[in-house]
Each structure stands twice: as structure tokens, then as C-alpha cells.
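K.L.:
below are the sequence and a predicted model for it; my questions follow.
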Amino acid sequence: MEMGEVTEQGAEQVSMDMEDAVIRTENLSKTYKRWFRPGTCALNDLTITVPKGSIFGFLGPNGAGKTTTIKILMDLIKCTAGKAYVLGKPSYDVDVKAKIGFLPDSPAFSPQLTAYEFLNICAKLLRLPSEVRPGRIEEVLSDVKMADHARDKIGSFSRGMLQRVGVAQALLNKPELLILDEPLLGLDPFGRQEFKNIILSQRERGTSVFFSSHILSDVEEICDRIAILNKGRLLCTGRLDELLSANGATVTIAPGHDDILKDLITTASGTSRQPDGAWVLNFEHLESVKPRLDELAGSFPEAVKVSAGHEKLEDFFFRCLENDRSKAAMDDEAK
Ligand SMILES: Nc1ncnc2c1ncn2[C@@H]1O[C@H](COP(=O)(O)OP(=O)(O)OP(=O)(O)O)[C@@H](O)[C@H]1O
């Protein structure tokens with residue numbers, strides 16, 4: 001983890017060189033006004049840095065403030081306080097838009113247009129030269145596996161196909177930075193795999209990617225960095241490998257040894273049962289259970305397998321939210 005990066009709620013992130021950051025927010029806050037009622041605080045003091053070349057997963061439960069942040073980064077709405085920089089410029093800088101590929105939350109398409117016609121309009125808006133446009137449109141349609149549907153009307157597309165067209169338009173201008181709001185929404189497992197391949201190949205050509213998602217297994221597979229938000233506040237951010245490996249352990253108990261579980265299960269941060277009946281337990285701190293695990297591994301060498309240093313993102317995510325909820329409950333009690 002970089003020096004000063006937030007690992008605990010409320011900690012401050014020390015600034016990384018702006019040159020190395022494709023996105024940087026500083027104490028960003030947003031309150032939506034409401035008539036005759038207190039406003040909704042959607043974002044509260046958010047400070048994050050997305051370094052150049054990274055694939056950054058922006059996570060949080062419904063209503064955490066992800067779309068609000070993305071809208072501010074795209075200058076679709078104004079923040080109430082704080083600062084947002086994209087590719088080293090304030091987020092309202094118009095010139096920067098030509099270097100970004102953007103997929104909004106629930107994009108709307110004109111159903112009468114074919115995929116090709118829609119992308120042609122987008123390419124014109126991006127001022128791609130006319131001689132380049134057809135080739136580039138074919139290229140992005142092929143990237144998202146929609147080449148066979150170029151001449152079909154968008155109105156006939158499934159949700160997943162619409163999402164692919166949305167990703168295709170985000171790729172049109174060969175962006176330096178992709179900002180994608182829930183790009184995996186509506187994609188089947190093949191679509192998700194293709195999306196992950198697209199993102200990894202984009203990174204290879206030097207594009208940085210910032211996307212929000214609820215599909216934690218996919219985020220774990222491709223992201224090198226994450227931030228987790230809850231109720232508009234940052235719970236943690238950093239390199240995924242460092243956040244997940246922080247002293248954790250995964251223990252697998254072979255099928256038929258459920259009796260071993262009894263005293264372990266109460267201290268595990270996460271548990272899951274495999275189809276073959278084996279149990280997988282995740283521990284936040286290996287040290288706290290190591291003596292007991294050593295003892296069990298000595299008595300049941302075939303039944304207990306310990307791999308240090310890798311908590312699943314899903315377990316980490318729930319643990320962060322649970323800690324936040326307990327802290328909020330304690331704060332309420334103290335009031
Ligand atoms: N235009 C708006 N006016 C008033 N409140 C809003 C508006 N947009 C969002 N909010 C509120 O701001 C908070 C954050 O919403 P936001 O859409 O940013 O969350 P999110 O993390 O993207 O959620 P989801 O995962 O469900 O898409 C929520 O409480 C939401 O009700």
C-alpha cells in the first residue's frame with residue numbers, strides 16, 4: 001500500500017504526484033437538495049487517487065455514492081465541496097473529454113437506430129475523421145462481439161447487447177481513461193468474460209480504467225486497486241493484493257471433518273461450503289488462530305489445508321461494511 005493511502009475509515013490519503021494520477025478527488029462532497037426537507041448527503045469528504053495504468057474497482061452497496069462520484073468526474077453534476085481532477089485537469093475541463101471513454105449508468109439509446117448508425121453519430125461527435133470512422137466502428141463492434149449485429153436496430157437488442165454497444169461507444173476514441181458505471185450489468189457469464197478481456201487488453205495498450213461494480217469476483221479477477229464506499233464515505237482504498245493479503249488466511253477443511261470446525265467457525269471472518277462438502281474459512285489475522293491450526297494440521301494432516309495471505313474480496317467487502325455498521329452503532333450509543 002502506498003504511504004498514506006487510506007486503509008481505515010477516516011484516515012487521510014497523502015497526495016500522490018498529480019502526474020501519476022488519472023483521477024484524483026480531494027475531500028469531495030455532494031448533497032442533493034430537496035424541497036422543504038433536509039438534503040441527501042450522497043458523498044462525504046471523498047479523497048481517492050487512481051494511478052495511471054491501473055484498473056480500479058469502485059465498490060459499495062446501493063446508494064453508496066458511486067454514480068454520484070462518476071457524474072461529478074464527468075462534470076454532469078457539480079460537487080457541493082472539494083475538488084475533482086481527471087487526467088490532471090479539473091473535471092470541468094472540456095478538452096479532457098476527448099481523452100475519456102464513458103459508459104453511464106443505464107444508458108439510453110434511440111431504438112430506431114442501428115448499432116452502426118448510433119456509433120457513427122458518436123464518432124462524429126468525437127470528431128473522428130470520416131475516413132477513419134467506418135473502420136473504427138467495425139473494430140469496436142468486433143471488440144464487444146457485436147459485429148454481426150451492426151445493421152440491426154437497437155430496439156431489438158437484449159439488455160446485455162445494449163451494454164455491449166455502450167462499451168463499444170466508450171472505446172471509439174481510443175481513450176486514455178475509461179470511466180464505466182456498472183459495465184457488467186446485464187452481461188451473461190460469456191459477456192462478463194469478454195468484458196474482462198477487453199479491459200485487460202485496454203490496459204495493455206496503456207488505457208487506465210475506473211469502473212463501478214457489484215460483481216466482486218470479477219473485480220477481484222481484474223482490478224489492481226479498489227475503493228469501498230458506504231453511505232457516501234470512503235471505508236478503504238488501496239492495492240487489492242495488499243488489502244486482501246494483510247495477514248489473512250484461508251483454511252480448507254476436507255469433507256467429513258465438520259467436528260473440527262466447531263471452535264474455528266466462531267472466529268472466522270467468512271465461511272462457505274464447497275459442492276463436495278469441504279468448508280472454506282477465511283480469517284482476518286492468521287496469527288490469532290495459528291496455534292489452533294498448527295495443532296489441527298498435526299492431528300489431521302489430510303483434512304486441514306492452510307493458505308496464508310489471501311482473503312476473498314467478497315469477505316473483505318462484507319467485513320469492511322460490518323465494521324462500519326458496528327462503529328456507527330457504537331457512535332449512536334455514545335450520543
Ligand atoms: N438526483 C438525485 N437527487 C436526490 N438524491 C439523489 C440523486 N441521485 C442520487 N441520490 C441519492 O444519493 C445517494 C447516492 O446515490 P448513488 O446513485 O450515487 O449511489 P450508487 O452507489 O451509485 O448506488 P447503486 O449501486 O444503487 O447504483 C442515494 O441516497 C441516492 O438516493
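P.N.:
That came through, no problem.
K.L.:
surely residue 218 is in a strand?
P.N.:
No. Assessed with DSSP: H, G, I helix; E, B strand; the rest coil, residue 218 is helix; it does not lie in a strand.
K.L.:
model confidence score at it, please.
P.N.:
Listed pLDDT for residue 218 reads 94.
K.L.:
my read: it touches residue 197, true?
P.N.:
No. With contact defined as Cβ atoms under 8 Å, residue 218 does not count as touching residue 197 (11.6 Å). Backbone N, C-alpha and C define where each C-beta goes, glycine included.
K.L.:
neighbour-wise, which of the two wins?
P.N.:
Neighbours per residue, other Cβ atoms under 10 Å: of residue 218 and residue 197, the larger number sits with residue 218, 22 against 12.
K.L.:
leaving out sequence neighbours, find the closest residue to residue 71.
P.N.:
In this structure, residue 71 finds its nearest non-sequential neighbour in residue 77, 4.6 Å apart by Cβ to Cβ, 6 or more residues apart in numbering.
K.L.:
and the one you found, how far is that from residue 70?
P.N.:
10 Å (Cβ to Cβ, to the nearest Å).
K.L.:
the more surrounded of those two?
P.N.:
residue 70 (24 against 14).
K.L.:
give me the pLDDT for the more buried one.
P.N.:
At residue 70, pLDDT is 98.
K.L.:
report the secondary structure element holding it.
P.N.:
Element membership for residue 70 (DSSP states H and E) is helix 66-73.
K.L.:
paired strands for the helix or strand following that helix, with orientation please.
P.N.:
Helices and strands here follow DSSP H and E; after helix 66-73, the next one along the chain is strand 81-86. Using DSSP bridges, the strands paired with strand 81-86 are strand 21-34 (antiparallel), strand 89-90 (antiparallel).
K.L.:
show me what the nearest residue to residue 279 once chain neighbours are set aside is bridged to.
P.N.:
Spatial nearest neighbour of residue 279, excluding adjacent residues (Cβ to Cβ, 6+ apart): residue 253 at 4.4 Å. Beta-bridge pairing of residue 253 under DSSP bridges involves residue 279, residue 304.
K.L.:
what does the stretch 51-200 of the chain put close to the ligand?
P.N.:
Contact residues, the stretch 51-200 of the chain versus the ligand (Cβ under 6 Å from any ligand atom): 60, 62, 63, 64, 65, 66, 67, 68.
K.L.:
could I have the buried ones of these as PyMOL selection syntax?
P.N.:
Buried residues within those, by 16 or more other Cβ atoms under 10 Å, are selected in PyMOL with:
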select buried, resi 60+64+65+66+67+68
